[in-house]
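[1] What follows is a predicted structure for the sequence shown.
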Amino acid sequence: MAGARTAQGGEGRTGAEAPHDAERSPAPPPPPRGLPGPRFWLVAGGLVLLLGGALYLLYGSPWLKLR
């Protein structure tokens with residue numbers, strides 16, 4: 001066998017060969033806080049359109065008058 005098998009089935013390092021925590025590179029810093037991503041704007045815009053359409057149907061539509 002060429003190397004130790006890991007839990008995922010690939011070849012990996014055994015416990016004696018594994019790097020220590022101090023030798024590992026630190027985690028990358030989190031991305032800077034800025035404007036939300038495109039998914040936020042798509043979801044927010046869809047909710048605004050749904051709410052606006054519902055309010056139009058309830059109060060402004062000539063086909064469905066509730067007031």
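    All right, it came through fine. Numbering: from 1, shown residues only.
[2] the strands in this structure, which residues?
    For the chain, the strands defined by DSSP state E cover 4-5, 11-12.
[3] now this protein, which segments are flagged as low pLDDT?
    Counting by pLDDT under 70, the ranges of the chain that qualify are 1-23, 63-67.
[4] Just the helices from it, written as ranges.
    For the chain, the helices defined by DSSP state H occupy 38-55.
[5] Next, count neighbours for residue 48.
    10 (other CB atoms under 10 Å). Placement of C-beta: from N, CA and C, glycine included.
[6] Tell me who's in contact with it.
    Residue 48 sits next to no residue when contact means CB atoms under 8 Å, 6 or more residues apart in numbering.
[7] And it, how far from residue 30?
    Residue 48 sits 29 Å away from residue 30, taking CB to CB, to the nearest Å as the criterion.
[8] what does residue 57 give?
    43 Å.
[9] Same drill for those two, tell me which one is more crowded.
    With neighbours defined as other CB under 10 Å, residue 57 and residue 30 compare such that residue 57 has more, 12 against 6.
[10] what about that one, distance to residue 45?
    19 Å.
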